[in-house]
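Participant: Predicted coordinates and the sequence they were generated for:
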Amino acid sequence: MKIATFNINGIKARIEALPVWLAEARPDVALLQEIKSVDEAFPREIFEDMGFAVETHGQKGFNGVAILSRLPLEDVSRGLPGDATDEQARWIEATVLGRRAVRVAGLYLPNGNPAPGPKFDYKLAWMARMRARAADLLAAELPLVLAGDYNIIPQPEDAARPDAWVGDALFLPESRAAFRRIMNLGFTDAIRARHPEPGLYSFWDYQAGAWDRNNGIRIDHLLLSPQAADLLADCGIDQDVRGRDKPSDHVPVWVELDA
DNA sequence: ATGGTTGGGTTCCAA
């Protein structure tokens, strides 16, 4: 089972590039972030015609997550528990029925800038809620993948220029500690485990020629429960996608599980 | 050196 995460930065803007990548990469499951669309406006037929089941959790203008799956889905749930007043669409879960059942969550973690401030407070509160949900899901002791745009640079080697990110919400000590508190529940960062070599990034800003200078950061992650890590066969980052026409500022990151 | 670019909305915000 190949599971990919991809922040597409707008489904309307990626309506040509996304099907091209799906056809060549052939993920069984694609977890999308920043669809920037309400559910009713998501062009689901394009993906259904390619053989995908489509589940969206959208909102107007910003945020929004979705799951595309060639395998059957069940028990789909939308929204991160823990705050009934939170209206931002950043979390979706489903169980994927492959040779083994795998629970997946697609997430778009708040950016948090500027820090300090209310947006940073929201980021940290959201991460505390995510940790609680992750702990609940781990208790099932089944294969579980939490994948998406974490808006977290976990370590200095995950940035080409870590000095440029000092003071940014993606790299502040509080943000990285909150990420470690989730990791320390027992997750494996798939890319860190299999590809510890430096220079593997998943995001390059549109500005200042970041892609041409390889001034990137690794902020899109797939976290595996122990039961999912047991099944890890391969993983990678499709960096070449960033160099194509009309790219997102993120690229797909994926794992292959024996499931 | 605090630049510049994209997307989705609307005359600006988020990233």
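Facilitator: Cool, got the structure. Numbers count the residues shown, from 1 in each chain, chains lettered A, B, ... in the order given.

Participant: check contacts around the closest residue to DNA strand B within chain A.
Facilitator: Nearest residue of chain A to DNA strand B: A:Gly10, at 2.3 Å (C-beta to the nearest atom of the strand). For the C-beta atoms, the positions are set from N, CA and C on the backbone; glycine is no exception. For A:Gly10, the contact set (C-beta atoms under 8 Å, 6 or more residues apart in numbering) comprises A:34-37, A:248.

Participant: Which of these ranks first by neighbour count?
Facilitator: Using other C-beta atoms under 10 Å as the neighbour test, the contacts of A:Gly10 are led by A:Ile35, with 27 neighbours.

Participant: tell me which element the spatially most central residue of chain A is part of?
Facilitator: Geometric centre of chain A, nearest residue: A:Gly148, 0.8 Å, by C-alpha atoms, centre = their mean. Element membership for A:Gly148 (DSSP states H and E) is strand A:144-149.

Participant: Do you have the helices of the stretch 101-250 of chain A handy? List them.
Facilitator: A:118-138, A:173-183, A:190-194, A:226-229 (DSSP state H, counting those that start in this stretch).

Participant: Just send those helices back as TSV, with mean pLDDT too.
Facilitator: Below are these laid out as TSV (pLDDT from 0 to 100):
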stretch	mean pLDDT
helix A:118-138	98
helix A:173-183	98
helix A:190-194	98
helix A:226-229	98
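
Participant: what does the stretch 51-200 of chain A have sitting close to DNA strand B?
Facilitator: A:60-62, A:110-111, A:113, A:119 (C-beta under 7 Å from any atom of the strand).

Participant: hmm, which of those are the buried ones?
Facilitator: Those of these that meet the buried threshold are A:110-111, by 16 or more other C-beta atoms under 10 Å.

Participant: Tell me the one of the residues of the stretch 51-200 of chain A next to DNA strand B nearest A:Arg181?
Facilitator: Distance ranking of these against A:Arg181, using C-beta to C-beta, places A:Pro110 first at 16.0 Å.

Participant: how about the strands in chain A?
Facilitator: Secondary structure of chain A (DSSP state E): strands at A:2-7, A:29-33, A:53-57, A:65-69, A:73-78, A:91-97, A:101-108, A:144-149, A:188-189, A:203-204, A:216-217, A:220-224, A:232-237, A:253-257.

Participant: Any chance of JSON lines for these, columns distance to A:Ala178 and mean pLDDT?
Facilitator: Shown next, in JSON lines, are the strands of chain A (distance: least, C-beta to C-beta, whole Å; pLDDT from 0 to 100):
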{"stretch": "strand A:2-7", "distance to A:Ala178": "19", "mean pLDDT": "98"}
{"stretch": "strand A:29-33", "distance to A:Ala178": "19", "mean pLDDT": "98"}
{"stretch": "strand A:53-57", "distance to A:Ala178": "23", "mean pLDDT": "98"}
{"stretch": "strand A:65-69", "distance to A:Ala178": "20", "mean pLDDT": "98"}
{"stretch": "strand A:73-78", "distance to A:Ala178": "23", "mean pLDDT": "98"}
{"stretch": "strand A:91-97", "distance to A:Ala178": "16", "mean pLDDT": "98"}
{"stretch": "strand A:101-108", "distance to A:Ala178": "14", "mean pLDDT": "98"}
{"stretch": "strand A:144-149", "distance to A:Ala178": "14", "mean pLDDT": "98"}
{"stretch": "strand A:188-189", "distance to A:Ala178": "15", "mean pLDDT": "98"}
{"stretch": "strand A:203-204", "distance to A:Ala178": "19", "mean pLDDT": "98"}
{"stretch": "strand A:216-217", "distance to A:Ala178": "17", "mean pLDDT": "98"}
{"stretch": "strand A:220-224", "distance to A:Ala178": "13", "mean pLDDT": "98"}
{"stretch": "strand A:232-237", "distance to A:Ala178": "23", "mean pLDDT": "98"}
{"stretch": "strand A:253-257", "distance to A:Ala178": "20", "mean pLDDT": "98"}
